[in-house]
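Enquirer: Need a 3D model of the sequence below.
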Amino acid sequence: MFEEFKALADRRRKLFDGDIEALVLRSPAGAEGPWQLESLHAVSDSAAAATARVGLRHADGRMLVQESAGDGPVDAAFKAIEAATGVAVTLRKFEIRSVTMGEDAQGEAVVTVEHNGRSYRAASVTTDIVESGVRAFIEVVNQIESTRAGAARADRRNPEAEEAASTI
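Expert: Residues are numbered from 1 along each chain as shown. Next comes the predicted model:
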């Protein structure tokens, strides 16, 4: 957390209590799953589709880079993440709000998605709202991956359930 504090202090001229609270309270996006954001390049143009290139590192060491276009930089980045991870979701809600003051305020993005009839929600805080959205989106992908892994472990522990599923 100290490294994040130093990086934030380097980017901003003045820090407020809300900045420190946001650092302490935020969930470290992607820390609980296999996918980590390595790089993000998003371009928005009023005369053309927005594009995004997202670099993701998987816990197994793979590095994937995916590009996509969308209605805006956030949409393009979300599509690139879906393509890279193979996790398709339905975006239900995307919210952005300022959590600190000033022109270089930190923005919180909250992402709610649906996957296989289940709802997932995550949030992230950074000074870049596109990055905040991307980090929150990666966090919901990691939640989905964690749910899949948990179900696979449960199936391995319960051979009768696997046998019943194969006879259906």
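
Enquirer: does Asn142 count as helix, strand or coil?
Expert: helix (DSSP: H, G, I helix; E, B strand; the rest coil).

Enquirer: Just give the number of residues close to it.
Expert: 23 (other CB atoms under 10 Å). For every residue, glycine as well, the C-beta is placed using N, CA and C.

Enquirer: try Asp75
Expert: Counted with other CB under 10 Å, Asp75 comes out at 19.

Enquirer: Could you verify that it is part of a strand?
Expert: No: Asp75 is assigned helix when assessed by three-state DSSP, not a strand.

Enquirer: So which helix or strand of this protein has the lowest pLDDT on average?
Expert: helix 159-167 (a mean of 54; mean pLDDT, DSSP states H and E).

Enquirer: residue contacts, Pro34?
Expert: His58, Ala59, Asp60, Asn142, Glu145 (CB atoms under 8 Å, 6 or more residues apart in numbering).

Enquirer: Tell me the buried residues in whichever strand or helix holds Glu145?
Expert: Counting by DSSP states H and E, the element that carries Glu145 is helix 129-157. In terms of neighbour count (16 or more other CB atoms under 10 Å), helix 129-157 has its buried residues at 129-145.

Enquirer: What of stretch 80-99?
Expert: Quick answer for stretch 80-99 (16+ other CB under 10 Å): Ala80, Ile81, Glu82, Ala84, Thr85, Val87, Val89, Phe94, Val99.

Enquirer: These into CSV, with extra columns for secondary structure?
Expert: Shown next, in CSV, are those (three-state DSSP):
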residue, secondary structure
Ala80, helix
Ile81, helix
Glu82, helix
Ala84, helix
Thr85, helix
Val87, coil
Val89, coil
Phe94, strand
Val99, coil
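
Enquirer: and of those residues, the nearest to Glu38?
Expert: Nearest to Glu38 among the buried residues of stretch 80-99: Ala84, at 10.9 Å, using CB to CB.

Enquirer: Chain neighbours aside, what residue packs nearest to the closest one?
Expert: Gln66 (3.9 Å; CB to CB, 6 or more residues apart in numbering).

Enquirer: cool, and Ser132?
Expert: Using CB to CB, 6+ apart, the closest residue to Ser132 is Ala109 (3.7 Å).

Enquirer: ok, now which ones touch that neighbour?
Expert: Going by CB under 8 Å, 6+ apart, Ala109 touches Phe94, Glu95, Ile96, Ala123, Ser124, Val125, Ile129, Ser132, Gly133, Arg135, Ala136.
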